[in-house]
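Visitor: structure here, sequence nowhere to be found:
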């Protein structure tokens, strides 16, 4: 009897015939053995993984979709039975899981009558207390399964499989040890895992292959242009499309949002809880809405998130307010652009803008002052404190929950369409609570998707659109004439309250919380820039 690549039977195939190609690789077994019984069904995503011939391969996967079984099939049929005296080492996250994986692989072998293999459980690893499990074949090849640590990774030479690598302790050291075992020609490394946060060695490898976005790759396997790595990705939706029997709705109903996204949808989540879930985001996306850096409209509301370093983007989000619904009309992305050039670009659009809110924290202060001088009455500066960020984030989320935002499906950046960058920015915002009970909104830096710049620019645009239209005037009795006057717009850095005051005199206290230090951070920034402060301002600082 002959086993070839047809051993990987797919759910779409009713009968498997041996290859007619005489040069096709095959496994010879004893002629007295019976035919295969209880043939396992390998779905397309399992076949792609098990038949990958690359030296280095990585898989980002949903939990419990049979990819570890497919890895066992690769180890048995593609490596051990074809290569006498060959060794494959499986490194699992724990002793219990290593035993479970060894038994699962042995059960796969037992499904094929005619393959002689013996499982030896709970052997000592190199005279230590660590346990290993070994599957031995008649041709001298063997599969060794044991819990992962740097010592066990160095214990043997052969193909290495890092199973559920995202959950390994000392993952960096384990990877160094495992990779160092591949010096002999022909040896392979397989790394697979469910995501375990936007951190660690597995996340770094996935990001290198572009498999960290939570989106299905356009083609599989993916390849790294500067290495031998081959990448695979399969969430629960793709698994079901390719024949995996699971009720997605039932699974989704039984778990929380973070568990669903990370365990089943291949999302690498940062610490804390995700602030904007996919369902909320997608419900506000306007199908077919494509925007670029030239916003359309004549009475726009804009939010400008100022970048604070090389890795941050300066970004302006433009909304049009139709009734009580904000519709995105443009997104201006300024990467590595000098500050004077940024103000010049935005100034050309300002005649079409009714109100602009600017993040005036740090480097944003001189930009705010320049724009406020050039377009007095149309520009508002907002200092990013934890309180103001919480207020804006909560307001924007409430607007999304009320379905009163129309987000773009695609953004044109540098002439190229991008249908992921807005979602990746929104999903990166995490809400955490410190030990003192203070709420924080943070996002990880990402060279490709930025630092939640799109989200905070959208929050600023929402703040601009929700400001009441106030027309200050002097009214003389008997004369129907309104004369606009200047006002000083104030925002308390402690409670986030905004109000209008006389331009010649700054308020001593916030009218809501009564704080005398309502603008102390702004005054401190002015002092750092070398501006002279009067006695009143020094007292408030």
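Guide: Ah, there it is. For clarity, every value in this text was computed on a predicted model and none was experimentally measured. Numbers count the residues shown, from 1 in each chain.

Visitor: domains of this protein?
Guide: Following automatic domain parsing, the chain resolves into domains at 2-264, 273-466, 473-540.

Visitor: rank these by mean pLDDT and give me the bottom one.
Guide: Least confident of these, judged by mean pLDDT, is domain 473-540 with a mean of 74.

Visitor: how far off centre is that domain?
Guide: Remark: domain 473-540 is offset 41 Å from the chain centroid, using CA atoms, centre = their mean, to the nearest Å.

Visitor: and the strand or helix carrying residue 537, what does it pack against?
Guide: Counting by DSSP states H and E, the element that carries residue 537 is helix 535-540. Using 3 or more CB pairs under 8 Å, 6 or more residues apart in numbering; DSSP states H and E as the contact criterion, the secondary-structure elements in contact with helix 535-540 are helix 520-528. Every residue, glycine included, has its C-beta placed from N, CA and C.

Visitor: for the helix it packs on, buried residues please.
Guide: Judged by neighbour count using 16 or more other CB atoms under 10 Å, the buried positions of helix 520-528 are 520, 521, 522, 523, 525, 526.

Visitor: for the first one, which non-adjacent residue is spatially closest?
Guide: Going back to what we said before, that points to residue 520. Of all residues beyond its chain neighbours, the one nearest residue 520 is residue 541 (5.1 Å), with distances taken as CB to CB, 6 or more residues apart in numbering.

Visitor: can you pull the pLDDT of the one you found?
Guide: The confidence metric pLDDT takes the value 73 at residue 541.

Visitor: just checking, it touches residue 531?
Guide: No: with contact taken as CB atoms under 8 Å, residue 541 and residue 531 are classed as non-touching, separated by 11.5 Å.

Visitor: which one's more surrounded, these two?
Guide: Comparing residue 541 with residue 531 by other CB atoms under 10 Å, the one with more neighbours is residue 541, at 15 against 10.

Visitor: from residue 516, how far off is that one?
Guide: Here the distance between residue 541 and residue 516 works out to 10 Å (CB to CB, to the nearest Å).

Visitor: what strand or helix carries residue 266?
Guide: Using DSSP H and E, residue 266 falls outside every helix and strand.

Visitor: wait, it touches residue 232, no?
Guide: No: when contacts are counted by CB under 8 Å, residue 266 is not listed as touching residue 232 (10.8 Å).

Visitor: joint contacts of those two?
Guide: Jointly contacting residue 266 and residue 232 under the rule CB atoms under 8 Å, 6 or more residues apart in numbering are 60, 61.

Visitor: more neighbours, the two?
Guide: Between residue 266 and residue 232, residue 266 has the larger neighbour count (other CB under 10 Å), namely 27 against 24.

Visitor: which residue is the nearest non-sequential neighbour of the more buried one?
Guide: Using CB to CB, 6+ apart and skipping residues adjacent in sequence, the residue nearest residue 266 is residue 235, 4.4 Å away.

Visitor: and for residue 98?
Guide: Counting by CB to CB, 6+ apart, the nearest residue to residue 98 once its immediate chain neighbours are dropped is residue 92, at 4.0 Å.

Visitor: which elements pack onto the host helix or strand of residue 106?
Guide: Residue 106 belongs to helix 95-110 when assigned by DSSP H and E. Of the remaining helices and strands, those touching helix 95-110 by 3+ CB pairs under 8 Å, 6+ apart are helix 67-73, strand 87-92, strand 117-124, strand 131-137, strand 142-147.
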